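Trainee: Starting from these lines, generate the structure:
(3 chains)
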Amino acid sequence: MASLSPLAMPAQRRLRTSARNMLDGIVTAVVHGPINAEVGLLVNDSIVIDALVTNSCIAALDIRPGGRAVALINASFVTLLADTPGLRLSARNLIGGTVVDVTDSPVESEVVLDIGGGRELAAIVTSHSRRELDLVPGAQTLACFKAAHIILAAEY
Amino acid sequence: MASLSPLAMPAQRRLRTSARNMLDGIVTAVVHGPINAEVGLLVNDSIVIDALVTNSCIAALDIRPGGRAVALINASFVTLLADTPGLRLSARNLIGGTVVDVTDSPVESEVVLDIGGGRELAAIVTSHSRRELDLVPGAQTLACFKAAHIILAAEY
Amino acid sequence: MASLSPLAMPAQRRLRTSARNMLDGIVTAVVHGPINAEVGLLVNDSIVIDALVTNSCIAALDIRPGGRAVALINASFVTLLADTPGLRLSARNLIGGTVVDVTDSPVESEVVLDIGGGRELAAIVTSHSRRELDLVPGAQTLACFKAAHIILAAEY
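Mentor: Just a heads-up that it's a prediction; the model follows:
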């Protein structure tokens, strides 16, 4: 009964931004460092997004485990990777998906991934890379992005 | 007499970069943390931009209150938002503006805002988002960007 | 005998990503701060790239002086500058190069630089800026990007 899951009721439907990716979810953890805090955000049954924001933002946005927040992820901050055995990355977020849509221009291409649970993630990559990685509908790929590149939003 | 205002005399006119946004201004504050410093930069009568740079950069660029600096803001780092009552964001910079120009391509669009005081701010957003937010000349919108994404420049 | 140089044997040839810039090199230094570490990566005879990643990533990726790593640099994170006497920047990485290729679209252009030692660096800039800076094949330019924008990769 997915319709009864808390993730099925987006609390943020009023929010409208140009961030191609707005993933709302439930805060699973807030780990404070001296300046920044790392926030875990569960956006579907299996994906927890890591966001790095300042401690003062945590207070201002009232971010706490069990609460809701929206991760704004600029599509041009998302890097796509072919699955590479043994690969290790400094980026905190690494999500697998299936290409469902591609829009090309001479310089850049938009690649939309199905990441499961009815969630999509869009990436803007160079058209050069889009061709090199053979990113066409149906292809499997990995998307990575840095925790520090995410903007969190909340509503009163 | 805007022509007598310090902001009317750009000290940085020799600087030429591909950063679509080069906003020069007067440093209003420098707040040092253990590693990074937060710099306030007044770019017109009412807008103070927050930039986060390392403490060592503050020394190397001789950034101090009352001095001048230029904020380089990559247009693709700017996210546009419809005005949303109760919205709270982790991004430090949130600036209102009026769309004055739009250039479309199949994948991305450039949206130029008038942010007051003769200053403009350009954003590159996906064409998908440009249409969804109905960003056309005359539309009001909010621009947000992270303090850590700004590059500061100074000249000897 | 360039073919005997360690830089001539890319250890990472299996890695395939949409990051337009994948510069593999030899780690020259790792300087730990309280949270982040600064990593120097020699990518040709003269260019050391500075990357800022978390201390925990250094351990997870087994990054150490003398070892290898790959810097992933999103082309849209690269800002190009005309050479400006007296210019000082907060961005840690500033690399000179010669334009070898340009691809235009109505909104954005891809500019590819030869940065020496058989290495290239691609930048996505607005077409507006591409024209303003007169970035055509043969032109000299400076490329800058923030240490914090780099993703490091390693393989087991």
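Trainee: C-alpha from now on. contacts and neighbour counts both.
Mentor: Fine.
Trainee: Up against chain C, what does chain A have?
Mentor: Proximity of chain A to chain C is confined to A:76-77, A:79-82, A:84-91, A:105-107, A:125-126, A:128-130, A:133, A:146 under the rule C-alpha under 8 Å from any C-alpha of the partner chain.
Trainee: now those: which count as buried?
Mentor: Buried members of the residues of chain A next to chain C, scored by 16 or more other C-alpha atoms under 10 Å in any protein chain shown, are A:76-77, A:79-82, A:88-91, A:105-107, A:125-126, A:128-130, A:133, A:146.
Trainee: And the strands in chain A, which stretches?
Mentor: Secondary structure of chain A by DSSP state E: the strands cover A:21-32, A:36-42, A:48-54, A:68-73, A:79-81, A:87-89, A:93-104, A:108-116, A:119-126, A:140-145, A:151-155.
Trainee: residues in contact with residue A:133?
Mentor: Residues in contact with residue A:133 (C-alpha atoms under 8 Å, 6 or more residues apart in numbering or on different chains) are A:81-82, C:16-18.
Trainee: Find the pair from the residues you listed with maximum spatial separation.
Mentor: Maximum pairwise distance among those (C-alpha to C-alpha): 8.5 Å, between A:82 and C:18.
Trainee: how does chain A divide into domains?
Mentor: Domain ranges of chain A: A:21-74+A:147-153, A:75-145, per automatic domain parsing.
Trainee: So for the longest one, mean pLDDT?
Mentor: Translated: domain A:75-145. Computed over domain A:75-145, the mean pLDDT rounds to 93.
Trainee: Return the distance of it from the chain's centre.
Mentor: Distance of domain A:75-145 from its chain centroid, counting by C-alpha atoms, centre = their mean, to the nearest Å, is 12 Å.
Trainee: who are the neighbours in contact with residue A:51?
Mentor: Residue A:51 sits next to A:38-41, A:71, A:146-152 when contact means C-alpha under 8 Å, 6+ apart.
Trainee: So which residue is smack in the middle of chain A?
Mentor: By C-alpha atoms, centre = their mean, the mean C-alpha position of chain A lies nearest to residue A:73, the distance being 5.7 Å.
Trainee: So for whichever residue of chain A sits closest to chain B, what's the nearest residue that isn't a sequence neighbour?
Mentor: The nearest approach of chain A to chain B comes at residue A:17, 4.0 Å away (C-alpha to the nearest C-alpha). In space, not counting the residues next to it along the chain, residue A:17 is nearest to residue B:81; the distance is 4.0 Å by C-alpha to C-alpha, 6 or more residues apart in numbering or on different chains.
Trainee: Is the one you found in contact with residue B:142, as I believe?
Mentor: Yes - in this structure, residue B:81 sits in contact with residue B:142. The criterion is C-alpha atoms under 8 Å, and the distance is 5.0 Å.
Trainee: The closest residue to chain C within chain A bridge partners, please.
Mentor: With C-alpha to the nearest C-alpha, the shortest gap between chain A and chain C falls at residue A:81, namely 4.0 Å. Counting by DSSP bridges, residue A:81 forms beta bridges with residue A:142, residue C:17.
Trainee: so who does it touch?
Mentor: Going by C-alpha under 8 Å, 6+ apart, residue A:81 touches A:133, A:141-144, C:15-18.
Trainee: ok, 7 Å please
Mentor: Residues in contact with residue A:81, defined by C-alpha atoms under 7 Å, 6 or more residues apart in numbering or on different chains, are A:141-143, C:16-18.
Trainee: If any of those are buried, put those into a ChimeraX selection.
Mentor: Entered in ChimeraX, the line below selects the buried ones among those, by 16+ other C-alpha under 10 Å:
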select /A:141,142,143 /C:16,17,18
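Trainee: Dihedrals phi and psi, residue A:135?
Mentor: According to degrees, to the nearest 10, the main-chain angles of residue A:135 amount to phi -80, psi 100.
Trainee: Might one say that residue A:150 is in contact with residue A:75?
Mentor: No - because the distance of 10.7 Å does not satisfy C-alpha atoms under 7 Å, residue A:150 is recorded as not touching residue A:75.
Trainee: so residue A:127 sits right up against residue A:109, yeah?
Mentor: Yes - with contact defined as C-alpha under 7 Å, residue A:127 reaches residue A:109; the gap is 5.1 Å.
Trainee: between those two, what contacts are shared?
Mentor: In terms of C-alpha under 7 Å, 6+ apart, residue A:127 and residue A:109 are not both contacted by any residue.
Trainee: Pull up the distance across stretch A:75-93, start to finish.
Mentor: Length of stretch A:75-93, first residue to last, C-alpha to C-alpha, to the nearest Å: 14 Å.
Trainee: meant to ask about stretch A:129-141
Mentor: Stretch A:129-141 end-to-end distance (C-alpha to C-alpha) = 13 Å.
Trainee: what does chain A put close to chain B?
Mentor: A:14-20, A:53, A:57, A:61, A:103-105, A:108-110, A:151-156 (C-alpha under 7 Å from any C-alpha of the partner chain).
Trainee: out of the residues you listed, which are buried?
Mentor: Buried positions within the residues of chain A next to chain B, assessed by neighbour count (16+ other C-alpha under 10 Å), are A:15-20, A:53, A:57, A:61, A:104-105, A:108-110, A:151-155.
Trainee: The residue located most distally from the centre of chain A and residue C:98: what is the separation?
Mentor: With distances taken from the mean C-alpha point of chain A and given as C-alpha atoms, centre = their mean, the most distant residue is residue A:106, at 25.7 Å. Summarising the geometry, the distance separating residue A:106 from residue C:98, computed by C-alpha to C-alpha, is 22 Å.
Trainee: Residue A:55 now?
Mentor: Spatial separation of residue A:55 from residue C:98 under the definition C-alpha to C-alpha is 43 Å.
Trainee: One more: residue A:28?
Mentor: Counting by C-alpha to C-alpha, the separation of residue A:28 from residue C:98 is 48 Å.
Trainee: and if you look at residue A:102?
Mentor: Distance from residue A:102 to residue C:98, counting by C-alpha to C-alpha: 32 Å.
Trainee: got it, and residue A:95?
Mentor: As judged by C-alpha to C-alpha, residue A:95 and residue C:98 stand 36 Å apart.
Trainee: Which one of those two is surrounded by more residues?
Mentor: Residue environment comparison for residue A:95 versus residue C:98 gives the larger neighbour count to residue C:98, 21 against 18, counting by other C-alpha atoms under 10 Å in any protein chain shown.
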